[in-house]
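Student: how would this look folded up:
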Amino acid sequence: MKNFLARAYFIQDHEPSFFAVGSESILSELTYNSANGFLCICASAWLAKLMTEKHGNSAVYFPLAVDQETYTPCDPKKKTFGQIAFYVRRSTPRRLFAIGLLALHELFASGTKFSLVVFGEDHTPDLKLPVDTKYLGILSSSELKEVYAQSYVGLVLSGTNYSLIPNEMMAVGLPVVDIDGEHTRLSYKPESVVLSHPSPKCIANKLRELLDNQSHWQKHFSAGIE
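Tutor: Got it, this is the predicted structure:
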């Protein structure tokens, strides 16, 4: 099709990373090579950086937007101390379910007291953690807001482009742990999210620090809302 003034390539994530090295990953990456004259419209600064520096494209980006009529700051006095909201979506490997689960087992093994609410998919398997755990499945926006308002820490891990969920958690006043990488450092404002080396033990340490250190928790509560 030729009768257009401009063409754009909408890039929501780094698709080649969705596959093991093979035909799918290579063909996906080939679509980025100078993008056949398309402007790249990217869902993060990290994706725009990849498109310009690695693939030689023109690119613009936008930050993921939070519905601030739904996700409004909560009263921290109403939070359930020690409750971790864990986002699970096994059908999306880049959400790093196994690493998050191993981190929670490390946290339990350290002797830290906590409870869990698990959301993001129906039929979540038993996490086999001897702590109070509620499996909430897939929730509406208003239900998510209540979970975030009641929880004390959020655990949302992203191996590629960042998720909208941590932004919604922060808007409500829920400090979040994600993994440290260029994709997260370029996407979040400094100090808004607690970033961790991706090893389960390091993630467990970051969770424990939020649970055990009130001033550290308060700093990220405030920074996230801001």
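
Student: In this structure Leu207 contacts Phe108, no?
Tutor: No - contact criterion CB atoms under 8 Å: Leu207 and Phe108 do not qualify, at 10.6 Å. Just so you know, the C-beta spots here come from the backbone N, C-alpha and C atoms, and that holds for glycine as well.

Student: Name the residues contacting each of these two.
Tutor: Counting by CB atoms under 8 Å, 6 or more residues apart in numbering, the common neighbours of Leu207 and Phe108 are Phe114.

Student: Tell me where this protein is predicted with low confidence.
Tutor: Within the chain, the stretches with pLDDT under 70 are 35.

Student: same thing but at 90, please
Tutor: In the predicted model of the chain, residues 1-7, 33-38, 78, 190-191 satisfy pLDDT under 90.

Student: can you give me the helices for it?
Tutor: Assigned by DSSP state H, the helices in the chain fall at 23-30, 45-49, 97-109, 141-150, 164-172, 182-185, 200-212, 214-225.

Student: which residues touch Pro73?
Tutor: Residues near Pro73 by CB under 8 Å, 6+ apart: 171-173, 225.

Student: Let's see that with 7 Å instead.
Tutor: By CB atoms under 7 Å, 6 or more residues apart in numbering, Pro73 lies in contact with 172-173, 225.

Student: And for His105?
Tutor: By CB under 7 Å, 6+ apart, His105 lies in contact with Leu129.

Student: at 10 Å what do you get?
Tutor: Residues in contact with His105 (CB atoms under 10 Å, 6 or more residues apart in numbering) are 127-129, 200, 204.

Student: cool, and Gln214?
Tutor: Counting by CB under 10 Å, 6+ apart, Gln214 makes contact with Phe81.

Student: what's around Ala59, how many residues?
Tutor: By other CB atoms under 10 Å, the residues close to Ala59 number 21.

Student: Oh, that last question was meant for Thr92, not what I typed.
Tutor: 17.

Student: who are the neighbours in contact with it?
Tutor: By CB under 10 Å, 6+ apart, the neighbours of Thr92 are 13, 18, 120-121, 158-160, 163.

Student: repeat for Gly173
Tutor: Residues near Gly173 by CB under 10 Å, 6+ apart: 71-76, 79, 148-149, 151, 220-222, 224-225.

Student: Any chance of the backbone angles for Val21?
Tutor: With angles defined as degrees, to the nearest 10, Val21 sits at phi -60, psi 120.

Student: so how many other residues sit close to it?
Tutor: Val21 has 8 nearby residues by other CB under 10 Å.

Student: Run through the residues that contact it.
Tutor: Val21 touches nothing, counting by CB under 10 Å, 6+ apart.

Student: and Ser215, how many neighbours?
Tutor: Counted with other CB under 10 Å, Ser215 comes out at 6.

Student: State the distance from it to Asn3.
Tutor: Ser215 sits 61 Å away from Asn3, taking CB to CB, to the nearest Å as the criterion.

Student: Next: Tyr9.
Tutor: Note on Tyr9: its distance to Asn3, by CB to CB, is 18 Å.

Student: Pick out whichever of those two has more residues nearby.
Tutor: Tyr9 (18 against 4).

Student: nearest spatial neighbour of Asp180, skipping sequence neighbours?
Tutor: Excluding its sequence neighbours, the residue lying closest to Asp180 (CB to CB, 6 or more residues apart in numbering) is Leu195, at 3.8 Å.
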